[in-house]
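**Student:** Here's a sequence, model it:
(2 chains)
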Amino acid sequence: RKEVEQDPGPFNVPEGATVAFNCTYSNSASQSFFWYRQDCRKEPKLLMSVYSSGNEDGRFTAQLNRASQYISLLIRDSKLSDSATYLCVVNEGTYKYIFGTGTRLKVLA
Amino acid sequence: EAQVTQNPRYLITVTGKKLTVTCSQNMNHEYMSWYRQDPGLGLRQIYYSMNVEVTDKGDVPEGYKVSRKEKRNFPLILESPSPNQTSLYFCASSPFGEPQHFGDGTRLSIL
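**Tutor:** The predicted structure follows:
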């Protein structure tokens, strides 16, 4: 079983739609969690951290479910500019960060 | 402007010819790390450094070396490159731990 698993997609959604991605992790001792965004052939960019209480940043909401060992990212009112690959990242302590392979999102006009 | 600078951006070389990919950050970050990204495998951590002269192995350190003699620089060294090290490499820095600022990437092809 992979340490961090994501559905590769692509998720094709119309503009204005709400879309959600999940990411599961295998290490129950994982300490912190993040979502990154990566555009084609570009560097990853930190989108948001995921807190136990969940957090929201504009149209983006991240949730953590420790019992089921998954994190989620919800994007509301999708824009064309949201088209990218979304990477889930799990910290297993001592500066070790495990990246998922990403979920590809295409927002269609 | 806050940035992480990697050089070179592209390199084609041959097996066994030592090479160094440089990484420099201007944000006075303590934490720096190197990743490689391969199709279907995602980003995998090669090495990281918590501060000057403090480095540790990530998930895929075999065939790589690093050094951290100054806070701003964290070069990645391939002493004897092999074709399985053909990949897209990213350097990242952060004040805390989770990689916050990535360089533009270095695309290495080893023939």
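**Student:** in chain B, which segments are predicted with low confidence?
**Tutor:** Scanning chain B for pLDDT under 70 picks out no residues.
**Student:** Can you show me the strands along it?
**Tutor:** For chain B, the strands defined by DSSP state E occupy B:4-7, B:10-13, B:19-25, B:31-38, B:42-51, B:54-57, B:65-66, B:76-78, B:87-94, B:101-102, B:106-110.
**Student:** likewise chain A?
**Tutor:** Under the criterion DSSP E, chain A contains strands at A:4-6, A:11-14, A:19-25, A:32-38, A:44-50, A:55-57, A:60-65, A:70-75, A:84-91, A:97-99, A:103-108.
**Student:** Show residues contacting the first one.
**Tutor:** If you take CB atoms under 8 Å, 6 or more residues apart in numbering or on different chains as the criterion, strand A:4-6 is touched by A:21-26, A:86-90, A:98-103. The way it works is simple: take the backbone N, C-alpha and C, and place the C-beta from them, glycine included.
**Student:** Could you list which of those also contact chain B?
**Tutor:** A:Leu87, A:Val89, A:Ile98, A:Phe99, A:Gly100, A:Thr101, A:Gly102 (CB under 8 Å from any CB of the partner chain).
**Student:** show me what contacts the residue nearest to A:Gly93 when sequence neighbours are not counted?
**Tutor:** Nearest non-adjacent residue to A:Gly93, counting by CB to CB, 6 or more residues apart in numbering or on different chains: A:Gln31, 5.4 Å away. Listed by CB under 8 Å, 6+ apart, the contact set of A:Gln31 reads A:Asn91, A:Glu92, A:Gly93.
**Student:** and the lowest-mean-pLDDT helix or strand in chain A, which strands flank it?
**Tutor:** Lowest on mean pLDDT, DSSP states H and E among the helices and strands of chain A sits strand A:97-99, with a mean of 90. With DSSP bridges as the test, strand A:97-99 is paired with strand A:84-91 (antiparallel).
**Student:** For the residue most central in space within chain B, give me its contacts.
**Tutor:** A centroid search over chain B (CA atoms, centre = their mean) returns B:Trp34, at 3.4 Å, as the residue closest to the centre. B:Trp34 is in contact with B:23, B:45-48, B:58, B:64, B:66, B:74, B:76, B:89-92, counting by CB under 8 Å, 6+ apart.
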